[in-house]
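Novice: the sequence and its predicted three-dimensional model are supplied below.
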Amino acid sequence: MSDLARAGVAETARLVATGEISARGVVEQALARIEQRDRPLNALSRLLVDEAIAEAEARDEALAAGESAGPLHGVPIVIKEEIDVAGSVTTFGGEANSTPAAEGAEVVRRLRAAGAVVVGKTTMPEFGAFPFTESASRGITRNPWDRSRTPGGSSGGTAVAVSAGMVPVGMGGDGGGSIRIPSASCGLFGLKPQRGRVTTAPHPHLWWALGTAGPLTRGVLDSALVYDVVRGNVPGDLYTAGGDEPFVDAVGRDPGRLRIGWTTRPVSVGVRPDPLHVEVVRDTAALLAELGHDVREVDPRYPDPTAAFVPQFFGGIRAEAALVEHPDRLERRTRQTCRLGSWVTPKVVEWALGESEKVSLKANRVFDEVDVLLTPTTAHRPARVGRLDGVGTVTAALRSMPSIAYAALWNVAGNPAASVPCGTGRDGLPLAVQLVGRTDDEATLFSVAAQLEQARPWPLLAGDA
């Protein structure tokens with residue numbers, strides 16, 4: 001495995017900016033790695049070979065003409081299927097669209113303006129409905145740490161591409177844990193930002209109050225670099241976030257002595273965390289105490305987010321499904337989900353948004369006592385693949401509960417939350433914890449995560465453990 005395969009975002013951009021390698025050289029190597037590694041994993045749904053090489057050549061020509069390098073200059077990146085890339089069909093993980101997007105999403109425009117090169121689109125379950133990257137048209141996407149296991153979802157294709165060393169970064173989305181769950185399953189750092197931190201343009205929202213886009217990376221600094229590029233709003237966004245501290249600066253500063261509360265109690269009733277996940281939370285709490293923080297076990301007194309989450313889940317999928325060109329091509333389970341959500345009228349969505357505000361107020365009471373909340377990211381270990389085979393919406397939702405048991409509440413509440421790698425378990429699969437921050441306080445999460453990364457380095461690629 002070449003050194004360039006192990007290079008992250010910051011190192012790749014440095015190599016291109018200093019002329020040690022051309023952007024075209026970086027991109028050609030990434031395309032070759034994808035060609036070599038992706039077939040048994042199924043991370044990429046479309047490879048943009050000619051487009052990516054032309055884009056890389058343009059980056060090299062700009063440097064040769066004396067233009068300054070952007071923070072992501074020459075960095076190859078993959079994009080989740082639900083995010084518009086000009087010239088590519090926005091498939092949402094299925095076959096119901098057939099016309100390429102005329103323009104890219106605003107986040108893609110910002111990535112390219114910073115010098116990134118889009119090399120492909122990544123697999124997802126249709127409309128990101130469930131935390132397993134499996135679909136009728138795309139097949140099963142497999143975890144590079146163990147191909148019999150799921151990489152999670154719905155940003156599973158992105159997670160696999162980054163974890164397997166095909167690219168240093170990929171864009172995902174998170175409406176109920178879909179950045180954090182695959183990050184935890186594949187040994188990556190994945191932060192769901194504060195609601196409204198990243199524009200959803202050209203769409204006014206993503207599943208109303210629940211969803212956001214963001215990067216999955218192998219390191220904390222790389223995530224901060226990408227977020228500093230894509231953050232910010234445009235007119236028409238339904239939500240905006242507060243605070244303007246650069247996240248790269250937060251990575252480089254000492255977090256100071258923080259009050260950190262930990263719990264292994266899941267939000268979802270009837271779900272029990274795997275003993276390995278309880279153990280890693282306790283170990284991380286002990287490490288944070290050694291690093292000088294005031295660490296204590298807490299009872300977060302979680303509110304029940306169901307009434308706020310479920311209408312936005314159904315309403316979000318129905319809204320996206322209503323926009324596709326060929327509704328007859330939607331998967332059977334997706335059509336069933338749309339039927340089951342027929343009760344979600346605009347008035348119901350409005351009511352659910354009001355419930356979201358109530359849930360947020362109650363969930364944030366824990367931050368009267370602590371600065372950061374430490375929990376498992378998921379309840380169970382990565383499941384065996386095939387979790388969605390032949391099952392309907394209700395069974396798929398029940399099978400999803402252990403994955404979202406700690407994550408989905410923070411989509412409803414809007415708070416930033418990050419999955420932080422913690423090495424590997426006795427089963428050889430990645431371990432992770434979730435750090436949740438106050439409203440608008442991604443900076444503290446970046447600072448603490450960087451401190452943990454330095455104190456307890458994690459394997460950067462599948463197979464490195």
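Specialist: Structure's in. What do you need? Just so we're clear, the structure is a prediction, and the values are computed from it rather than from any experiment.

Novice: distance of the closest residue to residue 131 other than its chain neighbours from residue 300?
Specialist: In space, and not counting its chain neighbours, residue 131 is closest to residue 403: 3.9 Å by C-beta to C-beta, 6 or more residues apart in numbering. Bear in mind the C-beta positions are built from the backbone N, C-alpha and C, glycine included. Distance of residue 403 to residue 300, computed by C-beta to C-beta, to the nearest Å: 19 Å.

Novice: assess the claim that the residue nearest to residue 131 and residue 382 are in contact.
Specialist: No - the pair residue 403 / residue 382 is not scored as a contact, 9.2 Å apart, by C-beta atoms under 8 Å.

Novice: quickly list what's touching both of the two.
Specialist: residue 152 (C-beta atoms under 8 Å, 6 or more residues apart in numbering).

Novice: more neighbours: these two, which one.
Specialist: residue 403 (32 against 24; other C-beta atoms under 10 Å).

Novice: would you say that one is within a helix?
Specialist: Yes - under DSSP: H, G, I helix; E, B strand; the rest coil, residue 403 sits within a helix.

Novice: dump the residue contacts of it.
Specialist: Contacts of residue 403 (C-beta under 8 Å, 6+ apart): 131-132, 152, 177, 181, 378-380.

Novice: against which helices or strands is whichever strand or helix holds residue 418 packed?
Specialist: According to DSSP states H and E, residue 418 maps onto strand 417-424. In terms of contacts (3 or more C-beta pairs under 8 Å, 6 or more residues apart in numbering; DSSP states H and E), strand 417-424 is packed against helix 180-186, strand 189-192, helix 275-290, strand 430-437, helix 442-455.

Novice: mean neighbour count, those: which tops it?
Specialist: helix 180-186 (a mean of 35; mean count of other C-beta atoms under 10 Å).

Novice: from the chain's centroid, how far away is it?
Specialist: 8 Å (C-alpha atoms, centre = their mean, to the nearest Å).

Novice: for it, what is the average pLDDT?
Specialist: Averaging pLDDT along helix 180-186 gives 98.

Novice: can you check stretch 10-24 too?
Specialist: Mean predicted confidence for stretch 10-24 is 97.

Novice: equivalent analysis for stretch 117-128, please.
Specialist: 97.

Novice: now do it: distance to the chain's middle.
Specialist: Centroid separation between stretch 117-128 and its chain, computed with C-alpha atoms, centre = their mean, is 12 Å.

Novice: how long is it from one end to the other?
Specialist: 24 Å (C-alpha to C-alpha, to the nearest Å).

Novice: which stretches of the stretch 201-350 of the chain form strands?
Specialist: 212-217, 259-262, 294-297 (DSSP state E, counting those that start in this stretch).

Novice: I'd like the mean pLDDT over the longest one, please.
Specialist: Strand 212-217 shows a mean pLDDT of 98.

Novice: quick check: the residue minimising distance to the centre of the chain vs residue 99, distance?
Specialist: Centroid-nearest residue in the chain: residue 179, 2.1 Å away (criterion: C-alpha atoms, centre = their mean). Distance of residue 179 to residue 99, given as C-beta to C-beta: 28 Å.

Novice: returning to that earlier point: surely the residue nearest to the centre of the chain meets residue 192?
Specialist: Yes - Residue 179 is within contact range of residue 192, at 5.3 Å (criterion: C-beta under 8 Å).

Novice: shared neighbours of the two, anything?
Specialist: residue 214.

Novice: where does the prediction get shaky in the stretch 1-150 of the chain?
Specialist: 1-2 (pLDDT under 70).

Novice: recalculate using a threshold of 90.
Specialist: Scanning the stretch 1-150 of the chain for pLDDT under 90 picks out the ranges 1-3.

Novice: which residues in it form strands?
Specialist: 44-47, 76-80, 117-122, 134-135, 139-140.
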